[in-house]
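Q: Dropping the sequence and predicted coords here.
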Amino acid sequence: MADEVVYGVHASLEVLENNQTINKVYLSASLAKNRAQQIRQMADELKVVVQDVDSKRLDELTAHGNHQGIAVSIAAYEYVPVDDILTKINGHDPFLVILDEIEDPHNLGSILRTADAAGVDGIIIPKRRAVQLTQIVAKVSTGAIEHVPVARVTNINNTIDELKQRGFWIFGTDMQGQDYTQWDARGSIAIVIGNEGRGISAQTKKKVDQMLTIPMAGHVQSLNASVAAALLIYQAFNSRRLKK
């Protein structure tokens, strides 16, 4: 698999602290000297090559992203089987997030960041017609990509059926449904977040046990997918934390 490039100070530090498949670190003179010294020391401990480059080279490596003077080349991000996610859960009921054809890497990165903060056990995405784990996702996640396992499946609906057989309750989002603030999210749960424009697909809606809605009083009756996901994930987090 092709290498990925993670860039920016926080995302790069997270990779250096947690990822053992680093191929090379690229530094430019625009990075603060004290930070560059820290990076070099970490790379030396990991026996990773550090290459000094100019800002133009970093612009090329990061497709003109906000690299802040550093980029890290790593092996492409690995996905894990759903079974692996579930077998590593100890002492609490599983909490999963299923993304139904999310296309924007910024949304996926933001959802990963929220999922890490709220203790989500794993995220499930489809192999096709959806964004995958990329350098943009890694950058937006500010390191959460290293901590939240992501499973990539061929068929979301088949995966939902398998989760139901394991005792999961599946929740989705819709304009018509229970007020999400009343959601009791205890037990083994998975919340489905739909596509940015189309929402949850018709076939997947048929699999959902309960629909949740986020009340809105404004003129625009929809929220960005990552914002909606954050509200729902934290409602589940608080429900599970406060109602034990």
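A: Structure received. Numbers count the residues shown, from 1 in each chain.

Q: distance between the ends of stretch 125-137?
A: 13 Å (CA to CA, to the nearest Å).

Q: got the contact list for that stretch?
A: Under the contact criterion CB atoms under 8 Å, 6 or more residues apart in numbering, stretch 125-137 has outside partners 4-7, 62, 65, 76-77, 79, 99-109, 112, 145, 150-156. For glycine as for every other residue, the C-beta is placed from the backbone atoms N, C-alpha and C.

Q: List buried residues within those residues.
A: 4-7, 62, 65, 77, 79, 99-102, 104-109, 112, 145, 150-153, 156 (16 or more other CB atoms under 10 Å).

Q: In strands, which of those appear?
A: Among those, the members found in strands (DSSP state E) are 4, 5, 6, 7, 99, 150, 151, 152, 153.

Q: Can you tell me the closest non-neighbouring residue to the last one?
A: In other words, residue 153. residue 159 (4.7 Å; CB to CB, 6 or more residues apart in numbering).

Q: Can you classify that neighbour by secondary structure?
A: helix (DSSP: H, G, I helix; E, B strand; the rest coil).

Q: Beta-bridge partners for residue 6, please?
A: Note on residue 6: beta-bridge partners by DSSP bridges are residue 72.

Q: Do I have it right that it meets residue 15?
A: Yes. Under the criterion of CB atoms under 8 Å, residue 6 makes contact with residue 15 at 5.2 Å.

Q: which residues are common contacts for these two?
A: With CB under 8 Å, 6+ apart, residue 6 and residue 15 have common neighbours 72, 74, 138.

Q: dump the residue contacts of residue 15.
A: Contacts of residue 15 by CB under 8 Å, 6+ apart are 6, 22, 72, 74, 138, 143, 146.

Q: What is the distance between the lowest-mean-pLDDT helix or strand in the chain and the centre of its chain?
A: Counting by mean pLDDT, DSSP states H and E, the chain has its least confident helix or strand at helix 135-141, which shows a mean of 85. Helix 135-141 has its C-alpha centroid displaced from the chain centroid by 9 Å (CA atoms, centre = their mean, to the nearest Å).

Q: Quick check: buried residues in it?
A: Buried residues in helix 135-141 (16+ other CB under 10 Å): 135, 136, 137, 138, 139, 140, 141.

Q: Closest to residue 228 out of those residues?
A: Ranked by distance to residue 228 (CB to CB), the buried residues of helix 135-141 are led by residue 140 at 16.4 Å.

Q: Please go through the protein and pick out the longest strand.
A: strand 169-179.

Q: Show me the domain layout of the protein.
A: 4-74, 82-242 (automatic domain parsing).

Q: So residue 209 sits against residue 167, correct?
A: No. Between residue 209 and residue 167 there is no contact under CB under 8 Å: 11.6 Å.

Q: List the beta-bridge partners for residue 49.
A: residue 24.

Q: Offset the numbering so it begins at 124, please.
A: Sure thing, new numbering starts at 124, so read that last one as residue 172.

Q: dump the residue contacts of it.
A: Counting by CB under 8 Å, 6+ apart, residue 172 has contacts 146, 147, 148, 166.

Q: so how far is residue 246 from the residue nearest the centre of the chain?
A: The centroid of the chain falls nearest to residue 235 when counting by CA atoms, centre = their mean (2.4 Å). Distance of residue 235 to residue 246, given as CB to CB, to the nearest Å: 7 Å.

Q: which outside residues touch the longest helix seen in the chain?
A: Criterion DSSP state H: the longest helix present in the chain is helix 348-365. Contact with helix 348-365 is made by 215-216, 218, 220, 225, 227, 229-230, 233-234, 237-238, 241-243, 294, 296, 303-304, 306-309, 312, 314, 316-319, 335, 337, 346, as judged by CB under 8 Å, 6+ apart.
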